[in-house]
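> build the 3D model from these lines:
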Amino acid sequence: DLGKTADGDRASVVGMKTALTAALEAWKKPGAPRIPENVQKAAEALSKQVDEIHGKYVPPEQAQGNAGPPLTYTAPPFGQRIGGLMGSIEGYSAAPTSQQMTELATIAQLVGDAHTAVKKLVDEDLANLNKMMNDAGIPHITTGAPAGERRGPRSDADVPIE
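Alright, predicted model coming up:
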């Protein structure tokens, strides 16, 4: 359940970051329709909030080359932490160690806090931005397909026959 929550939130954060970045860049292109300043500022503010939480779900981009490890430590994204911990617990027949249980509790707390933040970003902040955009006649921003929803047909029976 912890992994599903983290993965669903990761998809929302990545989708929101992609959509916001694309919209902000499109608005700056020559010939683009004029976007009201309040909408631009709200989108930039939301983009900064998304950037802050993005690193908890997606590893930072590494510089290319073999110059050594990164100069600053960043905690692994939730997916890696959960996967590593579950692999170490499931790969051994004894009961989980106290250290593993402590790590599980820590990760559960971190994912829970981040989930609350992502839910607020999507349900409140993005909704408010989309309301402003709709009022200004600008297409709104989405986070992508909802968690668990498949894109495209599910089987050959779902494909229309012409």
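
> following the chain past the helix or strand of the chain with the lowest mean pLDDT, name the next helix or strand.
The weakest-scoring helix or strand in the chain, judged by mean pLDDT, DSSP states H and E, is helix 78-90 (a mean of 87). As assigned by DSSP states H and E, the chain's next helix or strand after helix 78-90 is helix 98-120.

> the inter-axis angle of that next one versus helix 78-90?
Angle, helix 98-120 to helix 78-90, by axes from the mean of the first three to the mean of the last three CA atoms, to 10 degrees: 150 degrees.

> so Leu110 touches Phe78, yeah?
Yes: with contact defined as CB atoms under 8 Å, Leu110 counts as touching Phe78 (7.1 Å). For glycine as for every other residue, the C-beta is placed from the backbone atoms N, C-alpha and C.

> and those two? Which one has more around it.
Phe78 (23 against 15; other CB atoms under 10 Å).

> if I pick that one, what's in contact with it?
Listed by CB atoms under 8 Å, 6 or more residues apart in numbering, the contact set of Phe78 reads Ala6, Asp9, Arg10, Lys56, Tyr57, Ile107, Leu110, Val111, Ala114.
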